[in-house]
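Chemist: Based on what follows, work out the 3D shape:
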Amino acid sequence: MEWEELVNLMREKKAKPDKSLYEHSSGAKKRAEFILGRIPHPGNLEDCLLLHVFFHDLGKLDDRFQEKLGGKRKKAPPHAFLGVELASRFLHCDEPYKRIALISILTHHSDLHEGLYQKEIDRGEKLVVNGEVVSSPAELAFELREDAIDIEVFEEYGLNSLEVRALYTLFNGLLRVSDWLESANLPAEVYYDSGENVRRAVLSYLSGRGFEPRDYQLYVLGRGGGYFRLPTGDGKTETSLLATPDRASKVIYSLPTITTTEAMRKRFEAIFGRGRVSFAHSLFFLSLYRRGELDSKLLHRYAMKPIFVSTIDQVLLAFLNYPRFPVREFALRGSHWIIDEIHAYTPYTLSLIIQGIKYAKEHLGTAVTVMSATLPGPLAGELERLGLGELLPFSKVKERYSSRRRVTVEVRDEGLLGATDKILAEKGKVLVVANTVSRAREIYEELREKREDVYLFHSRFVQRDKEKKMKLVGGIEEGILVATQVVEVSLDVDYDVLYTETAPIDALIQRFGRVNRRGLRSGRAYIFQPKGWRPYLPYDKNAYSEASSLLGELEGIESELDLLRINDEFYDRIWGRYEAELKKPKLEKSLIRWKKAEKVLKTRDTFMSLPAIPRPFLDTAIELATGWEELSEEERLRATVFIIEHTVNVPIWTLEKYKHFNDDLYERFGVFGIELDYDSEVGLKE
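Modeler: Predicted coordinates for the structure are as follows:
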């Protein structure tokens, strides 16, 4: 087939019911040209990148696809498979880039896995145009698949596995994004913004709220990435956004929890406008449902807008080859990746983040900014080894730490239950934090017998009740909130006094931050000793022990500067555990889809928890799952929402003891049943 014949066929055949293949391919190529103008990429690959976008849908020339498009048949062989050999004839690129481009075409709808297109290969499916066989793709498709699985074959070209991976996600990410934008009739401009526009929007937002940018915020203008420390309430978020460099084409903002992500999403929509912000987390289906935006799932999940805010796992999934990982990874290319609250992660998750930062900086041209109010010295040293310097010299913010002491600290040898009378006598807003759900519930029940204004919040509530609890505890004017670690980074609350169990120093500092948050009065914090079997749980035994030995120093703090010093001493003592994790390679170097990615992130290195439906809701959930095929689209939607709203994450040992397994429930929704009662006041009754 000659070039002119190919073009004529592309003009004649349809890619969409209302669009020729030539129009669709040209539209995708046009969008790819714009995108390439905004991201770092090897200049010598530009023609190859654009050509492979133009040729990606040649399989749609096939008679069966055209019949399917016209409603004359229900199924057709996958066009990504059918068109790859024909594309290879016209894709004039040097090796190994041609091979990577063809692998990208082969996988632009289905992520790579060991059996990809095996049925079509075994049948020897051919590309048939106007009744004639014009291409036999099976042999080439098999070779491409095997090369992509064993990417060491590219070593003869001087490429290591991470370089091959980065090239593949450049080709495949560009192809998928350009294809999606063209199919949705969206211009490529909706995908990107400029650093200048980001900074302008933030300054306008501050001005509209009556604030002038502080001197340290002006200092970082356009300087990202790097790392910095800044006290809670001093504008870390705005400071990080103002650091967005001119060359950054997108902002990726990562947070530790769904709650903080939802709060930041609302804030970003106020700063940048709703149309410029996308978001994602494990419950974002529910958020979109309530916003009436389920048809925009793809735009949000894959960061298809200039500002993307999400939980950190949504970014890490890209590095672990979660489905559609090239699109997730492509969003980071040339972007400004801001990682908030980096102190909040366990050694395992932090090691994933560190390895992801290194890869993004070296292979994706990402500017990375990391921040925390309590960034420990050893972690700062690790970031500097990655090439992330101190973005904001500590000398510029030291006074803001040294001039504040939000709480005075007193350490007690007794357990929290022994202090209930003192807690009950407190006035104003009282925060009580236990390290485990069972102790939090026990303390709550003791206090609730003697006062009405006592509230309980922990992680063992179903999603529906958890959201109600969030609103409740955020609006308490007076009373006692008994909680677990969920208050450390999830809630923007301001209490008068804190009663807490001993925890790692950084966790205690976070709890202190929930008291006298604005620094306008005298806050108090009392630290008690956990009682019972293995009192250090859920924390690492050594970390708990080292924290306990430093409690006396907390009693003598003169300012928040002392808290930073004590936290650094704590991390110096426990950093060996972090170093051990940092040495373990976790980043996926291959291109093959890895189904365990999400499970690994949920496991982290603490307690593995899995989603389950408590007994009061279980029969309804099973009924919905079993009768799924008979449900209408609207009924399926409501069923999915019901399952999400009535799911709770349960420790694996509790689940194993009380698990109710139902095939339909697990296959349809990926959740278990659990034979435990549930109460909206106290949560799951273990």
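
Chemist: And the helices in the stretch 351-500 of the chain?
Modeler: Assigned by DSSP state H, counting those that start in this stretch, the helices in the stretch 351-500 of the chain fall at 377-385, 398-402, 420-425, 437-448, 463-474, 486-490.

Chemist: Counting neighbours, what do you get for D413?
Modeler: 7 (other Cβ atoms under 10 Å). Yep, even glycine has a C-beta here, placed from its N, CA and C like the rest.

Chemist: Any stretches of this structure with poor pLDDT?
Modeler: Filtered on pLDDT under 70, the chain yields the residue ranges 490-491, 518-520, 595-608.

Chemist: center of it, which residue is that?
Modeler: Nearest to the mean C-alpha position of the chain, by Cα atoms, centre = their mean, lies Q314 at 2.5 Å.

Chemist: hang on, it is in a helix, isn't it?
Modeler: Yes. Counting by DSSP: H, G, I helix; E, B strand; the rest coil, one finds Q314 located in a helix.

Chemist: Run a quick check on it versus R328, I expect a contact.
Modeler: Yes. At 7.4 Å, Q314 and R328 qualify as touching, with contact defined as Cβ atoms under 8 Å.

Chemist: what sits against L288?
Modeler: L294, S296, K297, H300 (Cβ atoms under 8 Å, 6 or more residues apart in numbering).

Chemist: measure the nearest residue to the third one once chain neighbours are set aside to E467 for me?
Modeler: If I follow you right, that is K297. Nearest residue to K297 in three dimensions, chain neighbours excluded: L288, at 6.2 Å (Cβ to Cβ, 6 or more residues apart in numbering). From L288 across to E467, the span is 15 Å (Cβ to Cβ, to the nearest Å).

Chemist: all helices of the stretch 551-686 of the chain, in order?
Modeler: Under DSSP H, counting those that start in this stretch, the stretch 551-686 of the chain gives helices at 551-555, 560-582, 597-603, 615-626, 633-645, 652-658, 663-669.

Chemist: I'd like the ones you listed laid out as CSV, including mean neighbour count and distance to A148.
Modeler: Output for the helices of the stretch 551-686 of the chain, formatted as CSV (neighbours: other Cβ atoms under 10 Å; distance: least, Cβ to Cβ, whole Å):
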stretch, mean neighbour count, distance to A148
helix 551-555, 15, 54
helix 560-582, 18, 29
helix 597-603, 17, 18
helix 615-626, 17, 36
helix 633-645, 15, 34
helix 652-658, 15, 34
helix 663-669, 16, 29
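
Chemist: need those in JSON lines with distance to T244, can you?
Modeler: Listed next are the helices of the stretch 551-686 of the chain as JSON lines, based on distance: least, Cβ to Cβ, whole Å:
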{"stretch": "helix 551-555", "distance to T244": "37"}
{"stretch": "helix 560-582", "distance to T244": "26"}
{"stretch": "helix 597-603", "distance to T244": "27"}
{"stretch": "helix 615-626", "distance to T244": "44"}
{"stretch": "helix 633-645", "distance to T244": "34"}
{"stretch": "helix 652-658", "distance to T244": "41"}
{"stretch": "helix 663-669", "distance to T244": "39"}
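
Chemist: looking at those helices, which is closest to P137?
Modeler: helix 597-603 (29.5 Å; Cβ to Cβ).

Chemist: Tell me the buried residues in stretch 31-40?
Modeler: Neighbour-count burial for stretch 31-40 flags R31, A32, I35, L36, R38, I39 (criterion: 16 or more other Cβ atoms under 10 Å).

Chemist: same thing with stretch 530-548?
Modeler: For stretch 530-548, by 16+ other Cβ under 10 Å, it's P530, P535, Y536, Y539, D540, A543, Y544, E546, A547, S548.

Chemist: If you drop the residues flanking it in sequence, what lies closest to the last one?
Modeler: Distance criterion Cβ to Cβ, 6+ apart; nearest residue to S548, sequence neighbours excluded, is T502 at 5.7 Å.

Chemist: need the contact list for that neighbour.
Modeler: L508, I527, F528, Q529, P530, Y544, A547, S548, L551.

Chemist: mind checking how far V7 is from E212?
Modeler: In terms of Cβ to Cβ, V7 sits 59 Å off from E212.

Chemist: Can you show me the helices along the stretch 51-200 of the chain?
Modeler: Using DSSP H, counting those that start in this stretch, helices in the stretch 51-200 of the chain cover 63-69, 79-82, 84-90, 97-106, 118-123, 138-149, 161-183, 195-208.

Chemist: Present these as CSV; the columns should include mean neighbour count.
Modeler: Shown next, in CSV, are those (neighbours: other Cβ atoms under 10 Å):
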stretch, mean neighbour count
helix 63-69, 18
helix 79-82, 26
helix 84-90, 21
helix 97-106, 24
helix 118-123, 13
helix 138-149, 18
helix 161-183, 23
helix 195-208, 17
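
Chemist: Dump those helices into JSON lines; add distance to A621 as well.
Modeler: Converted to JSON lines, those look like this (distance: least, Cβ to Cβ, whole Å):
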{"stretch": "helix 63-69", "distance to A621": "36"}
{"stretch": "helix 79-82", "distance to A621": "37"}
{"stretch": "helix 84-90", "distance to A621": "43"}
{"stretch": "helix 97-106", "distance to A621": "39"}
{"stretch": "helix 118-123", "distance to A621": "35"}
{"stretch": "helix 138-149", "distance to A621": "38"}
{"stretch": "helix 161-183", "distance to A621": "33"}
{"stretch": "helix 195-208", "distance to A621": "43"}
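
Chemist: Which one of the ones you listed lies nearest to I307?
Modeler: Short answer: helix 195-208, nearest of the helices of the stretch 51-200 of the chain by Cβ to Cβ, at 7.6 Å.

Chemist: for stretch 462-481, which positions count as buried?
Modeler: 462-467, 469-470, 473, 476, 479-481.

Chemist: Mind checking which of the buried residues of stretch 31-40 land in helices?
Modeler: R31, A32, I35, L36 (DSSP state H).

Chemist: out of everything not next to it in sequence, what's closest to D664?
Modeler: Closest to D664 by Cβ to Cβ, 6+ apart is A625, at 4.0 Å.

Chemist: correction: L58
Modeler: G83 (3.4 Å).

Chemist: give me phi/psi at that neighbour?
Modeler: phi -90, psi -10 (degrees, to the nearest 10).

Chemist: okay but it is in contact with A141, surely?
Modeler: No. At 10.2 Å, G83 does not count as touching A141 under the criterion of Cβ under 8 Å.

Chemist: who's in contact with E143?
Modeler: Contacts for E143 (Cβ under 8 Å, 6+ apart) come out as none.

Chemist: The contacts of L288 in helices, which ones?
Modeler: K297, H300.

Chemist: For the contacts of L288, work out which two are farthest apart.
Modeler: Across the contacts of L288, no pair lies farther apart than L294 and H300, at 10.1 Å, counting by Cβ to Cβ.

Chemist: Compare neighbour counts for the two and give me the winner.
Modeler: Shown here are L294 and H300; by other Cβ under 10 Å, H300 has more neighbours (23 against 12).

Chemist: which ones are touching the more buried one?
Modeler: S278, F279, A280, F284, L288, E293.

Chemist: Going by distance to E382, which of those wins?
Modeler: A280 (27.1 Å).

Chemist: Any idea how many residues pack against the residue lying closest to R64 once chain neighbours are set aside?
Modeler: Excluding its sequence neighbours, the residue lying closest to R64 (Cβ to Cβ, 6+ apart) is A76, at 3.9 Å. Using other Cβ under 10 Å, A76 has 17 other residues around it.

Chemist: Could you measure from A76 over to F661?
Modeler: A76 is 38 Å from F661, by Cβ to Cβ.

Chemist: same deal with L431?
Modeler: 39 Å.

Chemist: go on, R324?
Modeler: Distance, R324 to F661, using Cβ to Cβ: 29 Å.

Chemist: Of these two, give the one with the bigger neighbour count.
Modeler: Higher neighbour count among R324 and F661: R324, with 21 against 8, using other Cβ under 10 Å.

Chemist: Please tell me I have it right and V198 contacts A243.
Modeler: No. Using Cβ under 8 Å, V198 is not in contact with A243; the gap is 9.6 Å.

Chemist: Okay then, goodbye and thanks.
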